[in-house]
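Novice: Attaching a predicted model along with its sequence, questions to come.
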Amino acid sequence: MKLNQSFDVPQPVDQVWDFLGNLPLVAACIPGADLTNQVGDDEYHGDVIISAGPVKLEFAGQVKIASKDDAKKVLVLDGAGADKKGRGNAETQLTIGLQPLGGNTRVNIGMDLQISGAAAQYGRGLVADVTGVLVDQTAGSMKLRLAAIADGRDPMAIDAPKSASGIAIGITAFFRAAKRVFARFFLPYTAAPSR
């Protein structure tokens, strides 16, 4: 499934680009993520823990930089992991593009996600909502760490976000789903233009 998300950070594009080039620093922004071992210049092994409803998934896997375009400010990451209890697998290609907005930066994320096993049973809507919550939490942590860099502080001294909570994700995902249902039934219908 393909998912897209954007958020803005109050830092110049070159500073955000330098930040994205440091995978351990980026991973420190993701709730439940921990890079445990560097196995190459642009490849790491690590773990991701996600609780979604009654299922707690603990993935062990790897992430590597597939391509990096300094001129266009586009980074492509390939990641793959398997649940430690054998309940599923996940593969993703993450494309991160930066767009300058004056002194600020818009971060555009495109994710091509393939999941199997326990996580796949929830369906596209819930997976999209859970991913959206995780991206929001990641963006918040990234903003704090970028602000620390701008102030000359150690970005790794910022408390890491806790592993993604099933309750918090479930509540937020429920409200996102409810909003979609409300919009479908109560907002005016607009017919597609005829040819």
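Specialist: Nice, I can see it.
Novice: got the residue ranges for the strands in the chain?
Specialist: 2-9, 33-40, 43-52, 55-69, 74-83, 88-101, 104-117 (DSSP state E).
Novice: tilt between the second one and strand 43-52?
Specialist: If I follow you right, that is strand 33-40. 160 degrees (axes from the mean of the first three to the mean of the last three CA atoms, to 10 degrees).
Novice: Please point out which parts of strand 33-40 sit buried.
Specialist: With burial defined by 16 or more other CB atoms under 10 Å, the residues of strand 33-40 counted as buried are Ala33, Leu35. All C-beta atoms are positioned from the backbone trio N, CA, C, and that covers glycine.
Novice: Disregarding flanking residues, what is the spatial nearest neighbour of the residue positioned nearest the centre of the chain?
Specialist: Residue closest to the mean C-alpha point of the chain, counted by CA atoms, centre = their mean, is Val135 at 4.1 Å. Nearest residue to Val135, sequence neighbours excluded (CB to CB, 6 or more residues apart in numbering): Gln5, at 4.6 Å.
Novice: With Gln93 instead?
Specialist: Ranked by CB to CB, 6+ apart and with sequence neighbours excluded, the top spatial neighbour of Gln93 is Asp112, at 4.6 Å.
Novice: quick one: the one you found and Gly79 touch, right?
Specialist: No - counting by CB atoms under 8 Å, Gly79 is not a contact partner of Asp112; they are 10.7 Å apart.
Novice: Could you tell me which residues touch both of those two?
Specialist: Common neighbours of Asp112 and Gly79 (criterion: CB atoms under 8 Å, 6 or more residues apart in numbering): Thr92, Gln93.
Novice: and stretch 98-112, average pLDDT?
Specialist: Throughout stretch 98-112, pLDDT has a mean value of 90.
Novice: mind checking the end-to-end distance for it?
Specialist: With CA to CA, to the nearest Å applied, stretch 98-112 spans 18 Å between its terminal residues.
Novice: Please report phi then psi for the residue nearest to Met142 when sequence neighbours are not counted.
Specialist: The spatial neighbour of Met142 that comes closest, neighbours along the chain excluded (CB to CB, 6+ apart), is Cys29 at 4.7 Å. Main-chain dihedrals, Cys29, degrees, to the nearest 10: phi -80, psi -20.
Novice: how about Ser6, what does it touch?
Specialist: Arg106, Val107, Asn108, Ile109.
Novice: Compare the residues you listed and tell me which is most surrounded.
Specialist: Val107 (21 neighbours; other CB atoms under 10 Å).
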